[in-house]
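Asker: Sequence first, predicted model second:
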Amino acid sequence: MHADLLSALPQNGRLTLGPGAWLLAGFASKRADELVAEVHRIAEAAPFRFMTTRGGHTMSVAMTNCGDVGWVTDRAGYRYAATDPLSGLHWPAMPPLFRELAKQAAAAGGFPDFSPDACLINRYAPGARMSLHQDRDERDLDAPIVSVSLGLPAAFLFGGQRRSDRPRRVLLRSGDVGVWGGPSRLAFHGIGPLPPGSDPLCGPYRFNLTFRTAL
Ligand code: MD6
Ligand code: FE
């Protein structure tokens with residue numbers, strides 16, 4: 001692991017990443033096994049797949065979705081879609097546990113009225129990464145994003161409002177939950193290449209659930 005990672009965060013502590021952006025350490029730990037079981041159930045109906053960007057680049061992170069709409073990308077660009085382009089069927093429903101956890105985390109981060117309609121599920125294998133980006137495909141940018149990490153640890157890169165702002169690095173561990181809104185809602189962020197490892201719950205993977213109000 002890189003020496004500059006902030007890894008001294010106490011279990012159940014909270015770290016302020018920026019104005020309106022919090023990391024709640026271990027917030028989801030107690031339910032992690034149930035969350036992972038739900039991920040596997042969702043992936044039976046809507047399998048993980050490697051999507052393509054508008055520029056024709058295949059992403060290294062495999063993705064699926066649950067909820068009323070799901071985030072998709074292909075040669076036409078990024079958007080939210082009510083159906084899975086692989087099957088033409090609606091995305092699997094958001095499990096009640098997902099919704100409850102996301103609402104509780106948002107409330108703990110100061111956003112008491114969060115009502116997510118979309119959950120993007122990312123699966124990282126060793127070497128998979130997500131380059132710096134902003135989440136700006138949602139209609140209501142006043143709503144926060146809640147992000148749940150499961151499985152192998154990864155380096156979260158948290159930058160500023162400009163792509164050129166040098167990001168800080170924070171270690172995301174299984175059970176950590178990010179709550180992210182207000183002035184930080186459009187901050188650039190990404191995930192560094194996943195180091196190899198074996199997690200008792202997720203084996204060779206890291207899963208990330210990001211809850212949004214998209215519609
Ligand atoms: C990930 N997360 O953790 C990717 N976006 O795998 C994100 O891109 C993200 O964690 C917005 C807010 C929180 C996030
Ligand atoms: Fe993001």
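Answerer: Noted; the coordinates are in hand. Just so it is clear, the model here is predicted, and its values are computed rather than measured. Numbering: from 1, shown residues only. Ligands and ions are numbered 1, 2, ... in the order given.
Asker: Between the two ends of stretch 61-73, how far is it?
Answerer: For stretch 61-73, the separation between the terminal residues is 12 Å (C-alpha to C-alpha, to the nearest Å).
Asker: pLDDT on it, on average?
Answerer: Per-residue pLDDT over stretch 61-73 has a mean of 98.
Asker: With stretch 172-180 instead?
Answerer: Throughout stretch 172-180, pLDDT has a mean value of 96.
Asker: the strands in this structure, which residues?
Answerer: 14-18, 21-24, 62-67, 70-74, 77-81, 118-124, 130-133, 145-151, 154-158, 168-172, 177-180, 189-191, 206-212 (DSSP state E).
Asker: Tell me which of those strands approaches residue 198 most closely.
Answerer: Residue 198 lies closest, by C-beta to C-beta, to one member of the strands of the chain: strand 145-151, at 9.7 Å. Where you see a C-beta, it was placed from the backbone N, CA and C, and this is true even at glycine.
Asker: Go ahead and name everything in contact with the closest one.
Answerer: With contact meaning C-beta atoms under 8 Å, 6 or more residues apart in numbering, strand 145-151 is reached by 28, 32, 35-36, 39, 101-102, 105-106, 109, 114, 116, 135, 172-181, 185, 199, 201-203, 205-212.
Asker: Pull up the pairing partners for that strand, direction included.
Answerer: Applying DSSP bridges, strand 145-151 is found paired with strand 177-180 (antiparallel), strand 206-212 (antiparallel).
Asker: could you dump those strands to CSV with mean neighbour count?
Answerer: CSV is the format used below for those (neighbours: other C-beta atoms under 10 Å):
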stretch, mean neighbour count
strand 177-180, 26
strand 206-212, 25
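Asker: And those: which comes nearest ligand 1?
Answerer: Closest to ligand 1 of these, according to C-beta to the nearest ligand atom: strand 206-212, at 3.3 Å.
Asker: list the buried ones in the one helix or strand in the chain whose mean pLDDT sits lowest?
Answerer: Lowest by mean pLDDT, DSSP states H and E among the helices and strands of the chain is strand 14-18, with a mean of 90. Within strand 14-18, the residues scored as buried using 16 or more other C-beta atoms under 10 Å are 14-15, 17-18.
Asker: swap in stretch 140-147?
Answerer: Buried residues in stretch 140-147 (16+ other C-beta under 10 Å): 143-147.
Asker: Quick check: the nearest residue to residue 43 once chain neighbours are set aside vs residue 70, distance?
Answerer: Nearest residue to residue 43, sequence neighbours excluded (C-beta to C-beta, 6 or more residues apart in numbering): residue 64, at 5.7 Å. To residue 70, residue 64 is 8 Å away according to C-beta to C-beta, to the nearest Å.
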